[in-house]
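K.L.:
Sharing a model that was predicted from the sequence below.
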Amino acid sequence: MSERNVRAEETVPEHDGEKAAQARPGDTTPRKMVPGKEETPVVVDLPKTEREPRDVAGEVVGAIGAIKDGPRVLKTYMETCVKCGTCATQCPVYFGDPSKKYNPAARSDLIRSIYKKHNTRSGKLLGGLVGARDYEDREVEEWVEHFYSCTGCRRCATFCPMGIDNSVITRKGRAILDKLGLTPDTMKRVVEISLETGNTDGATLEAFKAAIEFLEEEMRDEHGIDIKIPVDVEGAEYFYVPPSGDVLVNPEATTGIAKVFYVLGLQDKWTMSSRLFDGANYGLFTGDDKSMKADNEPYIKEAKRLGAKVLFMGECGHAYRIMKMMMEPGKWWGDLPFEIVNCMEFTAEKILTGELQFDKSKNPQPVTYHDPCNFGRSCNIVEEPRIIMEASCQDFREMYPNRGDNWCCGGGGGLSAMDDIYEFRMTITGKKKMEQIRDTDAKYVAAACSNCKRQLTQLMEYHKEDVAVGGVHDMLSRSILINGKAAERVNYDD
Amino acid sequence: MNSASFFVLGVLPYLAVVVFAAGMINRFYTWFKTPQPGKMTLFPAGGSATGGVLAETFFFPSLFRGDRVLWFFAWVFHATLALVFLGHIRVFTGLIDRVLMSIGVSPEGIDAMSSTLGGAAGVVLLATGLLLLFRRIVQQRTREISNFSDFFALLLLIAIIFTGDLMRFGTHFELAETRAWARSLVTFSPIVVNNGMFQVHALLAMVLIIYVPFSKIMHFGGIFFTQALIKRR
């Protein structure tokens, strides 16, 4: 279906079917993660053998019971929902199909009710009187659909009078499923590929280098000069970490970044890593903290090894969120010798100081911006992309609502990568988004997120809309002036 | 005086206070000590975090943007509840009377204020309570997430409001008696008020007070924690 997947299959020759299946449960042997990196054992939870049947109910109840020790978000969410139903009016999934199973409060109650039964005095004593109930045999099998039909967009929390963020409970549900080995295969594969190869596309070193060379050639064609994309440069000030999609699938964002550095005279001050060029981290989506941290740590080590002053995050909302809102304040790896900055903050600031100039006529079509949930609601990167779009496009229009109130693309929480729920994403979760985009009459939708881009691209194809989808720096790349001239290229559809 | 009414007015109040206080302290303490690594801030977030939490507590701005009809009923219900709570201070002590008299309000004026404002509050509270119940039943998105406890909390409140209204608009009621009762509780020599409706009203109220720390009604305390988590800078 998508370029992204095709690419993944091409570049990971050995990773499918049998081998992956063998490698999953029961495998405790250390796996080689990234070439040249020390071997880190990936601990895979052992399902009990058949002689000793697994106590699923006990594990579920135990995992839910652990909530009483935190985090505080989860614990308070277990005890404060008033069941007012406001979340349902604001949920993209419930908007697409108002069935009980898509009602956020109902989904969260799957866990909440069991928590009450086993961990609150009132639940133990009064049971149903206080909304408590016990785990039902085999229930967890239905949970897969329930917890993988929430996009984790946090829109419910914006309107909830209590401020309850149902995505936190969704993630807990997914964590329980993950421990039981019930994470959908499509998701499981992304995590495994990322831990094995260092990127979620499963691209090899050769593929990466070829992609970079290709981009440098493109820029030479566009501007007639050499604009470098430095790789593995120790001592560089900025360590650029995009989503791998911005190198392999929609690489214009990366050429945009390269051009910004070039114009600012920072050509020699930034670098990418040939082994670690994908901030995407699906541990956030499967709920597995262990793999989320295992996926995150190499980037911190690499930034330290390179001696970077700035961890320069690309157009990937959840990658930036993990770094800025989770890893850094949570002190996963202690105090950091570098700052975490998003590329859009950086570029927007340089536009405001007048250091970057544009030829807007290169982007004459109506364009709009879709606020990815993880950038807007979760990280407050909302005005920066607009500053870049306004500066580089002739006809920028808002979609409504926008910023913190924006509707999810329908592919959030990793759903975008799940081809097995394609119809569901196209007709239900993406329904509101499609309406919003149609209302703008835009011909280009920018989204600073590879998952949003994939979902939106598919939505446009599915609903037969002639609307291009791309990133923010893509538009900049087409119109930024280098030595007074913008890129010479007409057709961007190839 | 029979033993049942002594239990309701002479024993239950102490039990209610103890259970309520212990339950609340336990809830707040466990919430407070639970760690929160990482930030869950929800943007855009302007102003101070404390200001945001207080605004949500008193005016429900998020709900206003999310569901305006519910906001209207919910806000009127909660605000009136707060007003009625203040009114009850007058039922049990002479404090409010003294404050009002010190600023020049006559005893007749206070009574008139009490019957109009208090009477109106009782009616509004009953009406909005019933509307919230009606909404919970007829609206699919709320009906499908409601269980017994959601209805129980609301029905209990409505029953308390209803018996309160009956006292105000129906049976004879003497402020001196309730104040004497309150004083007797504080001095640990409880007496009984011989008013059937008051006893029923008080019984339901005690049940509510005991139920609060274990129920969704705890949201009035939980909101400070849940809102603070997403408003933190």
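P.N.:
That came through fine. Numbering: from 1, shown residues only, chains lettered A, B, ... in the order given.
K.L.:
mean confidence for the longest helix along chain B?
P.N.:
Scanning chain B for the longest helix, with DSSP state H as the assignment, gives helix B:68-92. When pLDDT is averaged over helix B:68-92, the result is 95.
K.L.:
which other residues reach the next helix or strand after it?
P.N.:
Using DSSP states H and E, the next helix or strand after helix B:68-92 towards the C-terminus is helix B:95-102. Helix B:95-102 is contacted from outside by B:86, B:89, B:90, B:107, B:109, B:110, B:113, using Cβ atoms under 8 Å, 6 or more residues apart in numbering or on different chains. Bear in mind the C-beta positions are built from the backbone N, C-alpha and C, glycine included.
K.L.:
go with 6 Å
P.N.:
B:89, B:90, B:110 (Cβ atoms under 6 Å, 6 or more residues apart in numbering or on different chains).
K.L.:
Please point out which parts of it sit buried.
P.N.:
Across helix B:95-102, burial judged by 16 or more other Cβ atoms under 10 Å in any protein chain shown covers B:96, B:97, B:100.
K.L.:
again, but for stretch B:140-151
P.N.:
Neighbour counts using 16+ other Cβ under 10 Å place B:141, B:142, B:144, B:145, B:146, B:147, B:149, B:150 of stretch B:140-151 among the buried residues.
K.L.:
what does chain B have sitting close to chain A?
P.N.:
Residues of chain B found near chain A (Cβ under 6 Å from any Cβ of the partner chain) are B:31, B:34-40, B:42-44, B:60, B:62-63, B:66-67, B:141-142, B:144-150, B:214, B:216, B:219, B:222-223, B:225-227, B:229-230.
K.L.:
Now the buried members of these.
P.N.:
For the residues of chain B next to chain A, buried by 16+ other Cβ under 10 Å: B:31, B:34, B:36, B:38-40, B:42-43, B:60, B:62-63, B:66-67, B:141-142, B:144-147, B:149-150, B:214, B:216, B:219, B:222-223, B:225-227, B:229-230.
K.L.:
Can you pick out the ones from the residues you listed that are in helices?
P.N.:
Among those, the members falling in helices (DSSP H) are B:31, B:62-63, B:66, B:141-142, B:149-150, B:219, B:222-223, B:225-227, B:229-230.
K.L.:
Tell me which two in those residues are the farthest apart.
P.N.:
Largest separation among these by Cβ to Cβ: B:31 and B:141, giving 27.9 Å.
K.L.:
send the alpha carbons of stretch A:383-394 over as CSV?
P.N.:
Presented in CSV, the C-alpha positions along stretch A:383-394 are these (Å, rounded to 0.1, in the frame of the first residue of the first chain):
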residue,chain,number,x,y,z
GLU,A,383,2.9,28.8,16.2
GLU,A,384,6.3,27.8,14.8
PRO,A,385,5.0,25.7,11.9
ARG,A,386,2.6,28.5,11.1
ILE,A,387,5.4,31.0,11.0
ILE,A,388,7.3,28.8,8.5
MET,A,389,4.2,28.1,6.4
GLU,A,390,3.2,31.8,6.3
ALA,A,391,6.7,32.8,5.3
SER,A,392,7.1,30.2,2.5
CYS,A,393,3.6,29.9,1.0
GLN,A,394,1.3,32.4,-0.8
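K.L.:
Around the nearest residue to residue A:224 once chain neighbours are set aside, how many other residues sit close by?
P.N.:
The shortest distance from residue A:224 to any non-neighbouring residue, by Cβ to Cβ, 6 or more residues apart in numbering or on different chains, is to residue A:488 (7.9 Å). Neighbour count of residue A:488, defined by other Cβ atoms under 10 Å in any protein chain shown: 10.
K.L.:
which secondary structure element contains residue B:111?
P.N.:
With DSSP H and E as the criterion, residue B:111 is inside helix B:107-113.
K.L.:
Now that helix: buried residues?
P.N.:
Neighbour-count burial for helix B:107-113 flags residue B:110 (criterion: 16+ other Cβ under 10 Å).
K.L.:
now swap in stretch A:245-258 and tell me
P.N.:
In stretch A:245-258, the ones that count as buried by 16+ other Cβ under 10 Å are A:245-258.
K.L.:
Dump those into TSV; add secondary structure, distance to chain B and pLDDT as well.
P.N.:
Listed next are these as TSV, based on DSSP: H, G, I helix; E, B strand; the rest coil; distance: Cβ to the nearest Cβ, whole Å; pLDDT from 0 to 100:
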residue	secondary structure	distance to chain B	pLDDT
A:245	helix	24	93
A:246	helix	23	95
A:247	helix	28	95
A:248	helix	30	92
A:249	coil	28	89
A:250	coil	25	89
A:251	coil	29	93
A:252	helix	27	95
A:253	helix	22	96
A:254	helix	26	97
A:255	helix	29	97
A:256	helix	24	97
A:257	helix	24	98
A:258	helix	29	98
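K.L.:
out of those residues, which one sits closest to residue A:301?
P.N.:
residue A:247 (20.3 Å).
K.L.:
Just to confirm, which residue in chain B is farthest away from the center?
P.N.:
For chain B, the residue at maximal distance from the C-alpha centroid (Cα atoms, centre = their mean) is residue B:38, at 34.4 Å.
K.L.:
next one: chain A
P.N.:
Most remote from the centre of chain A, using Cα atoms, centre = their mean: residue A:125, at 41.9 Å.
K.L.:
Work out for me the element it sits within.
P.N.:
With DSSP H and E as criterion, residue A:125 is part of helix A:121-126.
K.L.:
hmm, who's touching that helix?
P.N.:
A:116, A:117, A:130, A:132, B:214.
K.L.:
distance of the fourth one from chain B?
P.N.:
Going from residue A:132 to chain B by Cβ to the nearest Cβ, to the nearest Å gives 9 Å.
K.L.:
Next, the contact list for that residue, please.
P.N.:
Taking Cβ under 6 Å, 6+ apart, one finds A:113, A:116, A:117, A:123 in contact with residue A:132.
K.L.:
centroid residue for chain B?
P.N.:
Per Cα atoms, centre = their mean, the C-alpha nearest to the average position across chain B is that of residue B:81, at 5.5 Å.
K.L.:
pLDDT at the closest residue to residue B:28 other than its chain neighbours, what is it?
P.N.:
Nearest-residue entry for residue B:28: residue B:221, 6.3 Å, with adjacent residues in sequence omitted and distances by Cβ to Cβ, 6+ apart. For residue B:221, the model assigns a pLDDT of 92.
K.L.:
what's the distance between residue A:137 and chain B?
P.N.:
In terms of Cβ to the nearest Cβ, residue A:137 sits 21 Å off from chain B.
K.L.:
Sorry, slip of the keys, the one I care about is residue A:327.
P.N.:
Counting by Cβ to the nearest Cβ, the gap from residue A:327 to chain B is 8 Å.
K.L.:
would you put the C-alpha positions of the helix holding residue A:125 in CSV?
P.N.:
What follows is helix A:121-126, C-alpha atoms only, in CSV (Å, rounded to 0.1, in the frame of the first residue of the first chain):
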residue,chain,number,x,y,z
ARG,A,121,-11.9,-0.6,50.0
SER,A,122,-15.2,0.5,48.6
GLY,A,123,-14.8,-1.7,45.5
LYS,A,124,-13.9,-4.8,47.6
LEU,A,125,-16.8,-4.1,49.9
LEU,A,126,-19.5,-2.7,47.7
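K.L.:
How many residues are close by residue B:210?
P.N.:
By other Cβ under 10 Å, the residues close to residue B:210 number 18.
K.L.:
what angle sits between the strand or helix carrying it and helix B:68-92?
P.N.:
Under the criterion of DSSP H and E, residue B:210 resides in helix B:196-211. In terms of direction (axes from the mean of the first three to the mean of the last three Cα atoms, to 10 degrees), helix B:196-211 departs from helix B:68-92 by 120 degrees.
K.L.:
what does helix B:196-211 contact?
P.N.:
Contacts for helix B:196-211 (Cβ under 6 Å, 6+ apart): B:5, B:8, B:12, B:16, B:19-20, B:156, B:159-160, B:163-164, B:166-167, B:171.
K.L.:
what residue ranges in chain B score low on pLDDT?
P.N.:
Across chain B, the ranges flagged by pLDDT under 70 are B:1.
K.L.:
Check chain A too.
P.N.:
For chain A (pLDDT under 70), the answer is A:1-52, A:490-494.
K.L.:
Tell me which residue is most central in it.
P.N.:
Short answer for chain A (Cα atoms, centre = their mean): residue A:318, at 4.0 Å.
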